[in-house]
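1. using only what follows, build the 3D model:
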Amino acid sequence: MENARDRKIMPAVPTRISTTNSENREILSLDSGITREQLANLQKSGGHFVEIVYPPGAQTNPDGECTSHNGYEYGYALEGDLEMTIGDFVFTLTKSHSFGFDGSIPHTFKNKGTTDFRGVWFVHDCPGRH
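-> Residues are numbered from 1 along each chain as shown. Below you'll find the model as predicted:
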C-alpha cells in the first residue's frame, strides 16, 4: 500500500508558489557594486526575498542620502558587517544578527569593512526594488 508521505502532490494553484536554485535566479547588479540575488519570485505579491551582497565601501545610495518606501524590511546577516542608519538609530549588523523595521523610516546602509557583507533580505508591500 502506498504511503501518503511518499507521494508528491502538486498544489492546485502553482502560480502562488515559487522555487528557484542557483541555476535560475535573477541577479541584479547595481552601479554601487551591491548585488541582489532573487531567492523567490514574489513580485506579484509585492515582496522581495533576496540574498544581498555589499562589497567593501558600497552603500545604499552613492550620495549617502537616506531612502524610504512603503511596507516593511527584514534582514539576517550571513557574514561581514553592515552599518545601518534607520532614522536616528545607527548600529552595525554582524553575522547571525537580524533586524526588521517600517520602511517609511528614512534609512541607509554602508559596508565600512574590508570584506563583503552578505545577508538575506525580505521587503514587502513596496513598489519596485529596494
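2. pLDDT weak spots in the protein?
-> 1-16, 42-44, 126-130 (pLDDT under 70).
3. where do the strands of it begin and end?
-> Per DSSP state E, the chain carries strands over the ranges 27-29, 35-40, 47-54, 72-79, 82-86, 89-93, 98-102, 107-110, 117-124.
4. now these as TSV including distance to Cys66 and mean neighbour count?
-> C-beta here means a position set from N, CA and C on the backbone, and glycine is covered the same way. Formatted as TSV, the strands of the chain follow (distance: least, CB to CB, whole Å; neighbours: other CB atoms under 10 Å):
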stretch	distance to Cys66	mean neighbour count
strand 27-29	21	12
strand 35-40	19	18
strand 47-54	16	21
strand 72-79	13	17
strand 82-86	7	19
strand 89-93	11	13
strand 98-102	12	13
strand 107-110	5	20
strand 117-124	16	19
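5. select, out of these, the one closest to Gly64.
-> strand 107-110 (6.5 Å; CB to CB).
6. now what about that closest one, what contacts it?
-> For strand 107-110, the surrounding residues in contact (CB atoms under 8 Å, 6 or more residues apart in numbering) are 54, 57-61, 64-68, 73, 82-87, 101.
7. hmm, back to that, tell me which of the strands of the chain lies nearest to Ile17.
-> Nearest of the strands of the chain (CB to CB): strand 35-40, 9.1 Å.
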